[in-house]
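> Need a 3D model of the sequence below.
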Amino acid sequence: MMDVAKERFNFTYENNSTSSFLVINMSSNEKILEYQIEMLHNNSCQGILSLNVRQKNDEIKLYYNITSKLTLKQFLKRKKLSKIEFINILTGITETLIKSKEYFLYDNGFIIDEELIYINPSSLETEMAYIPVSLDTNAGQSFKSFLGKLIISSVKIDEDSSGSYIQKILNYLKQDDFSISDFDKLLKDIKNKESKEKLLGNKESNHPLQKSIHIHKDTADPKENVRHVNIKDNGAETIGNKRINKIETAKESDEEIETAIKKKYHPKYIIIAILSQIPIIITLVFSLDTIIAVAGDAISGYLGAALIVAAIDILLFRYLFKEEHMEEIKISNRKIESKSSLTGPSVNMSKREKYSTKESSAKMDSHIKDEEVYELVNRNSPNQNETVILDKESKEYAYLQRMNNGIIDNVAITKENFIIGRLPNYADYLIENSAIGRTHAEIFRREDKYFIKDLNSKNGTFINEARIDSNKEYHINNGDILKFANIEYTFLC
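Numbers count the residues shown, from 1 in each chain. Reported below is the predicted structural model:
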């Protein structure tokens with residue numbers, strides 16, 4: 001399909017102030033199927049890119065809106081998919097091809113190619129370009145070739161979620177009687193099996209027997225750290241001289257947690273005790289002359305006043321500081337012996353950032369007074385709120401610099417392909433601004449030169465105040481002013 005389309009048509013990209021378009025240019029001699037265009041305009045066809053047809057002189061242009069979308073190839077280059085994500089993407093494509101017949105469209109009119117199938121990076125919904133002309137191609141064979149190339153060369157599957165289902169797909173591709181509808185059924189069977197397994201797993205995890213699990217740490221042998229899991233059922237096992245139900249052996253942990261429970265009085269009772277002294281003192285001041293008169297002399301009067309205050313306080317404190325007025329507080333003392341390492345060149349950065357370094361943390365400590373500290377978000381790290389101190393002297397990376405409320409922010413470009421946007425777990429540099437696209441732009445390096453490409457953003461990318469076209473590479477130089485929507489940076493290398 002793609003080879004035929006490239007021979008007959010010319011593919012380009014255009015954009016205006018708010019949108020990006022894939023443009024297919026064709027000769028005016030091509031016979032456009034008008035009824036199909038009407039069907040696309042009058043119906044919300046899920047999985048098909050919106051189409052606008054324009055004719056100028058001897059050329060027909062088909063405009064497909066690809067704003068805020070990535071090609072499937074771009075997306076898969078950086079994203080490792082889970083089993084269900086991969087199945088959902090394939091299902092979206094197959095169902096688009098199958099349901100197109102409901103709108104009197106031909107399945108061989110779709111461009112089935114990873115470079116021209118588009119995906120929403122946040123929802124993983126796919127959309128395809130449909131060419132409303134007669135094409136002499138076989139959609140089944142085109143899809144079969146596309147799928148084989150996708151699995152073998154492009155897609156990266158999470159190892160924990162891969163398995164026999166990939167082999168099932170590959171085995172089905174080898175069949176001579178391959179059909180898209182039957183393949184769609186295979187995907188649904190795999191998906192249903194996955195749902196049943198997940199449901200069964202949830203039921204097992206909620207089984208009453210699971211609630212009787214007790215875990216304790218056996219420290220009798222200092223050479224081992226063995227965790228014993230005792231389950232109250234009939235599946236007991238005997239290991240050595242011990243009868244246990246299940247035993248889980250773990251490596252020595254670097255972290256020990258000691259939990260203590262302490263009791264303290266609720267703050268409100270302490271506040272009442274303090275504030276109650278004020279009326280007692282005021283009453284005593286006004287009653288002091290009477291007390292002295294009754295006592296007969298000043299010394300006896302003062303002693304008597306002190307005894308009265310003490311007696312009142314004793315009664316008050318006994319009431320306020322009862323044991324039932326205490327609350328329990330759990331305190332965990334962690335003893336951690338872990339090896340910390342500085343995030344290297346694979347760091348994905350966000351917010352305030354600085355160059356990374358290859359030097360050890362020991363050397364970094366000697367520079368700590370002279371450094372600026374920037375927040376880093378590592379997309380692959382479980383804790384995305386850690387602040388990492390980086391060596392100021394590293395010259396390995398180019399970076400973006402921005403003045404933000406009097407503070408200089410340096411964004412190190414730490415990857416060969418560096419994505420800027422606001423989509424967590426995908427963009428390397430997150431900009432929390434609604435004017436920024438989910439995947440706004442890409443900066444990449446080739447032969448010691450840096451280039452930038454706008455990724456179909458709504459509000460555009462600018463070099464020295466000039467807006468660049470989407471999906472085109474532009475060389476950038478040291479000192480160039482780069483603007484992503486309304487946020488401006490200086491490129492330094």
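> Start from the N-terminal end of the protein and give the helices.
In the chain, the segments counted as helices under DSSP state H are 2-8, 34-42, 72-78, 83-99, 139-149, 164-173, 180-205, 267-275, 277-295, 298-320, 361-365.
> quick one: low-confidence parts of the stretch 1-150 of the chain?
Filtered on pLDDT under 70, the stretch 1-150 of the chain yields the residue ranges 1-2.
> make it 90
For the stretch 1-150 of the chain, residues meeting the criterion pLDDT under 90 lie at 1-8, 16-18, 28-29, 44-45, 55-58, 77-84, 134-138, 140, 148.
> Could you do the stretch 151-300 of the chain as well?
Applying pLDDT under 90 to the stretch 151-300 of the chain flags residues 151-178, 190-300.
> Closest to the centroid, which residue in the chain?
For the chain, the residue sitting closest to the mean C-alpha position, by Cα atoms, centre = their mean, is residue 425 at 3.1 Å.
> most distant residue from the middle of this structure?
The chain, farthest from centre, Cα atoms, centre = their mean: residue 296 at 81.7 Å.
> how close does it sit to residue 303?
12 Å (Cβ to Cβ, to the nearest Å). Every residue, glycine included, has its C-beta placed from N, CA and C.
> Can you give the domain ranges for this protein?
1-206, 210-253, 264-327, 361-492 (automatic domain parsing).
> gap between the residue nearest to the centre of the chain and residue 438?
According to Cβ to Cβ, residue 425 and residue 438 sit 11 Å apart.
> do residue 488 as well
The gap separating residue 488 from residue 438 is 20 Å, by Cβ to Cβ.
> Looking at those two, which one has more neighbours?
Between residue 488 and residue 438, counting by other Cβ atoms under 10 Å, residue 438 is the more crowded of the two (20 against 14).
> How about the more buried one, nearest residue that isn't a chain neighbour?
If the residues on either side of it in the chain are set aside, residue 438 comes closest to residue 423, at 4.0 Å by Cβ to Cβ, 6 or more residues apart in numbering.
> Can you give me the neighbour number for the one you found?
Neighbours around residue 423, by other Cβ under 10 Å: 16.
> Isn't it up against residue 436?
No. Contact criterion Cβ atoms under 8 Å: residue 423 and residue 436 do not qualify, at 9.7 Å.
> related to what we said a few turns ago, make CSV out of the helices of the chain and add mean neighbour count.
Output for these, formatted as CSV (neighbours: other Cβ atoms under 10 Å):
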stretch, mean neighbour count
helix 2-8, 14
helix 34-42, 15
helix 72-78, 20
helix 83-99, 19
helix 139-149, 18
helix 164-173, 14
helix 180-205, 13
helix 267-275, 12
helix 277-295, 12
helix 298-320, 13
helix 361-365, 12
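> Can you say which of these is nearest to residue 50?
Within these, the stretch nearest residue 50 is helix 34-42; the backing value is 7.8 Å (Cβ to Cβ).
> and the closest one, what does it pack onto?
Here helix 34-42 touches strand 51-56, going by 3 or more Cβ pairs under 8 Å, 6 or more residues apart in numbering; DSSP states H and E.
> The strand it packs on vs helix 34-42, what angle?
Angle of strand 51-56 versus helix 34-42, following axes from the mean of the first three to the mean of the last three Cα atoms, to 10 degrees, is 130 degrees.
> Pairing partners for strand 51-56, with directions?
strand 59-65 (antiparallel) (DSSP bridges).
> For the strand it pairs with, give me every contacting residue.
Strand 59-65 is contacted from outside by 14, 19-28, 30, 32, 49-55, 129, 131-132, using Cβ atoms under 8 Å, 6 or more residues apart in numbering.
> Next, find the distance separating the residue nearest to residue 96 when sequence neighbours are not counted from residue 75.
In this structure, residue 96 finds its nearest non-sequential neighbour in residue 47, 3.2 Å apart by Cβ to Cβ, 6+ apart. As judged by Cβ to Cβ, residue 47 and residue 75 stand 16 Å apart.
> Same check on residue 410?
Here the criterion is Cβ to Cβ. By it, residue 410 lies 28 Å from residue 75.
> what does residue 277 give?
Distance, residue 277 to residue 75, using Cβ to Cβ: 69 Å.
> what does residue 420 give?
Distance from residue 420 to residue 75, counting by Cβ to Cβ: 16 Å.
> go on, residue 64?
According to Cβ to Cβ, residue 64 stands 17 Å off from residue 75.
> What of residue 94?
Distance, residue 94 to residue 75, using Cβ to Cβ: 18 Å.
> contacting residues for the closest residue to residue 13 other than its chain neighbours?
Counting by Cβ to Cβ, 6+ apart, residue 471 is the residue found nearest to residue 13 once chain neighbours are left out, at 4.4 Å. The contact partners of residue 471, taken as Cβ under 8 Å, 6+ apart, are 13, 20, 453-456.
> let's see it at 7 Å
Applying Cβ atoms under 7 Å, 6 or more residues apart in numbering to residue 471 gives the contacts 13, 453, 456.
> who wins for most neighbours among those residues?
residue 456 (26 neighbours).
> Look up phi and psi at that residue.
As for residue 456, its main-chain torsions (degrees, to the nearest 10) stand at phi 60, psi 40.
> What of residue 434?
Residue 434 adopts backbone torsions of phi -70, psi -20, taken as degrees, to the nearest 10.
> Tally up the residues packed near it, please.
By other Cβ under 10 Å, the residues close to residue 434 number 9.
> What sits closest to it if chain neighbours are left out?
Leaving aside its chain neighbours, residue 434 sits nearest to residue 422 (7.9 Å; criterion: Cβ to Cβ, 6+ apart).
> Report the separation between that neighbour and residue 73.
Applying Cβ to Cβ, the value for residue 422 to residue 73 is 22 Å.
> Equivalent analysis for residue 17, please.
Separation of residue 17 from residue 73 (Cβ to Cβ) stands at 27 Å.
> do the same with residue 95
21 Å.
> same check, this time on residue 181
In this structure, residue 181 and residue 73 are 26 Å apart, going by Cβ to Cβ.
> Residue 442 contacts residue 415, correct?
No. Counting by Cβ atoms under 7 Å, residue 442 stays clear of residue 415, with 9.9 Å between them.
> More neighbours: which of these two?
When residue 442 and residue 415 are compared for neighbours, residue 442 comes out ahead with 23 against 19, by other Cβ under 10 Å.
> dump the residue contacts of the closest residue to the more buried one other than its chain neighbours.
Distances taken as Cβ to Cβ, 6+ apart place residue 453 nearest to residue 442, at 4.9 Å, with adjacent residues excluded. By Cβ under 7 Å, 6+ apart, the contact list for residue 453 reads 441-442, 471-473.
> what do you get for residue 401?
Taking Cβ under 7 Å, 6+ apart, one finds 408, 410, 489-490, 492 in contact with residue 401.
> and the least confident of these?
Lowest pLDDT within the contacts of residue 401 is found at residue 408 (89).
> Count the neighbours of that one for me.
By other Cβ under 10 Å, the residues close to residue 408 number 12.
> And for residue 101?
10.
> before we move on, the earlier item: save the contacts of residue 471 as a markdown table, and put in distance to residue 198 too.
Formatted as a markdown table, the contacts of residue 471 follow (distance: Cβ to Cβ, whole Å):
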| residue | distance to residue 198 |
| --- | --- |
| 13 | 41 |
| 453 | 39 |
| 456 | 34 |
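> Great, nothing more from me.
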